[in-house]
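K.L.:
missing the sequence, but the structure's below:
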Ligand SMILES: Nc1ncnc2c1ncn2[C@@H]1O[C@H](COP(=O)(O)OP(=O)(O)OP(=O)(O)O)[C@@H](O)[C@H]1O
């Protein structure tokens with residue numbers, strides 16, 4: 001096999017020279033160059049996190065991979081096919097805000113993830129049970145979101161994505177609204193589901209410690225327009241959990257992330273101050 005063919009096989013997502021400019025119609029002076037140029041390959045089964053200063057284009061990057069937004073130039077592909085204007089089959093997305101439906105039970109919230117899939121009823125029930133079990137929600141299957149904590153509601157949202165059995169899971173700051181201890185424990189949950197499903201995970205986070213604990217590789221973005229200025233390999237084993245935050249290597253990784261980010265974050269804050 002040629003090296004190019006091998007690279008194509010091992011890369012699940014590929015971004016080539018991708019730029020995103022938001023241009024309000026009829027107002028060229030208000031165009032915002034949000035991102036790019038970006039080149040990035042995500043490997044099958046890896047855990048990739050992205051950190052970057054506020055407003056640098058992290059969510060924009062995730063939306064391009066999710067097919068929720070279209071690149072102004074360049075190519076974005078999932079499993080060798082261009083991503084065009086819709087979430088590709090095999091991709092699941094979880095957003096920061098609690099997106100559970102208050103009028104549905106936990107079970108029905110999870111079933112909602114399957115609404116567009118034609119599955120035999122037995123298979124539907126099997127997947128819902130599996131997702132409930134994987135996210136520790138079995139005792140709450142008939143509860144309503146209002147009866148759950150914020151962390152549990154976010155688990156419901158993750159379970160709703162899991163039922164589709166995605167090969168790539170996109171997480172946009174999914175624990176941003178949770179307290180620090182719950183975030184660490186949710187990190188363990190996500191590591192567990194990453195191991196059990198074998199899916200690739202792409203996580204956007206503003207928390208350097210979260211990226212350092214969870215990811216195999218961490219992409220560091222510059223201030224807007226966001227480009228990748230560093231990629232840090234953590235070197236953790238696949239069976240890691242939140243206890244690694246006590247390890248020396250953990251401190252070294254977060255220190256390296258901060259070294260790469262500090263100046264970019266100051267630029268981002270400078271821009272905010274200049275604009276206000
Ligand atoms: N639909 C849009 N129209 C115009 N500008 C947009 C749009 N979406 C995002 N932007 C701008 O693009 C830039 C990048 O936004 P994005 O939300 O991707 O950044 P982010 O890194 O995720 O931010 P944060 O860390 O604050 O969540 C910002 O300047 C934002 O205002």
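P.N.:
Perfect, I can see it now. Please read all numbers here as calculations on a predicted model, not as lab measurements. Residues are numbered from 1 along each chain as shown.
K.L.:
alpha carbons only for contacts and neighbour counts from here, please
P.N.:
Fine.
K.L.:
contacting residues around stretch 211-220?
P.N.:
Applying CA atoms under 8 Å, 6 or more residues apart in numbering, the contact partners of stretch 211-220 are 46-52, 187, 191, 203, 205, 228-236, 241-242, 244-245, 250, 253-254, 257, 260-261.
K.L.:
among these, which lie within helices?
P.N.:
Mapping those onto helices (DSSP state H) picks out 187, 191, 250, 253, 254, 257, 260, 261.
K.L.:
make TSV out of those and add pLDDT and distance to the ligand.
P.N.:
Output for the ones in helices among the contacts of stretch 211-220, formatted as TSV (pLDDT from 0 to 100; distance: CA to the nearest ligand atom, whole Å):
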residue	pLDDT	distance to the ligand
187	86	19
191	90	23
250	93	23
253	94	20
254	94	18
257	92	16
260	87	16
261	87	13
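K.L.:
mind putting those in TSV, neighbour count included?
P.N.:
Output for the ones in helices among the contacts of stretch 211-220, formatted as TSV (neighbours: other CA atoms under 10 Å):
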residue	neighbour count
187	20
191	21
250	17
253	21
254	20
257	23
260	19
261	22
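K.L.:
now those residues as TSV including distance to residue 218?
P.N.:
Output for these, formatted as TSV (distance: CA to CA, whole Å):
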residue	distance to residue 218
187	15
191	15
250	13
253	10
254	10
257	9
260	11
261	12
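K.L.:
which of those residues lies closest to residue 69?
P.N.:
Comparing the ones in helices among the contacts of stretch 211-220 against residue 69 with CA to CA places residue 261 closest, at 26.0 Å.
K.L.:
direction included, what does the host helix or strand of residue 92 pair up with?
P.N.:
With secondary structure defined by DSSP states H and E, residue 92 is part of strand 91-94. Counting by DSSP bridges, the strands paired with strand 91-94 are strand 168-172 (parallel).
K.L.:
what pLDDT, on average, does the partner strand get?
P.N.:
For strand 168-172, the mean pLDDT works out to 94.
K.L.:
what's the answer for stretch 32-39, then?
P.N.:
Mean predicted confidence for stretch 32-39 is 91.
K.L.:
close to the ligand, is the helix or strand residue 213 falls within?
P.N.:
Counting by DSSP H and E, the element that carries residue 213 is helix 208-214. No: under the criterion of CA under 6 Å from any ligand atom, the ligand is not reached by helix 208-214; the shortest gap measures 12.4 Å.
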